[in-house]
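[1] Got a predicted structure here, sequence first:
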Amino acid sequence: MSLTLKYIPNVGISINDIELPWGIERELARRLLNGTYKSDDQVIDLSAEHNGSVDYIFHQKRDIYENYLISIDKKPWEIDNLFFLGYDKNNLLSEVDIHAGLQIVVIASFISFEQKLPDIVQNLLNISPETIQSGDGEYFFKDLKLTVSDERAMGGEGDNLGYFYCAANVDHLIEE
């Protein structure tokens, strides 16, 4: 089964026409998706490396969906799709990470994990010409509030799409 994620900047996402606007409550998003997920909430404390500053204590709240809507048992290495829904401190949807298996539509641009990253970047430049190459094989589109990376940037091999990230707010990605 092919999954399609549609992303509309400043609005939210839909997965196979299930609408999940930014700010939707976590429990409601879970009910709407009606699939198996793993809750992955943790505190990441980097304050010791930053003179004890509490600005470096991060609360990560996310649900991990692996092989979403796949009804047959898969071996651990057989991943048809993998995505994370991230929530803010109030358990409201704030970001999405896609690592495998979803077809992605950004406004009118179609993206898949079978595509080469340079082709994806060129298509996205037609929508938003402002981009920042944040690393080798990584591109940040500030106006679209999204990041794309190739497989090499994600620790693999090749220049196909390896990662797609979008968020309600990307201030944490903007260097001052």
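    That came through, no problem.
[2] looking at this protein, which helix or strand is least sure?
    Across the helices and strands of the chain, mean pLDDT, DSSP states H and E gives its lowest value to strand 132-135, namely a mean of 77.
[3] Pairing partners for it, with directions?
    Strand 132-135 pairs in its sheet with strand 138-141 (antiparallel), by DSSP bridges.
[4] need the next SSE after the partner strand, C-terminal direction.
    strand 146-150 (DSSP states H and E).
[5] next one: the least confident helix or strand of the chain to chain centre, how far?
    17 Å (C-alpha atoms, centre = their mean, to the nearest Å).
[6] Stretch 56-65 too?
    With C-alpha atoms, centre = their mean, you get 13 Å for stretch 56-65.
[7] any weak-confidence spans in this structure?
    Scanning the chain for pLDDT under 70 picks out 1, 71-79, 175-176.
[8] hmm, try it at 90
    Residue ranges of the chain with pLDDT under 90: 1-3, 43-60, 67-81, 101, 108, 129-136, 152-158, 170-176.
[9] Please enumerate the strands of it.
    3-8, 12-15, 18-21, 38-45, 57-66, 82-87, 93-100, 102-106, 109-111, 132-135, 138-141, 146-150, 161-167 (DSSP state E).
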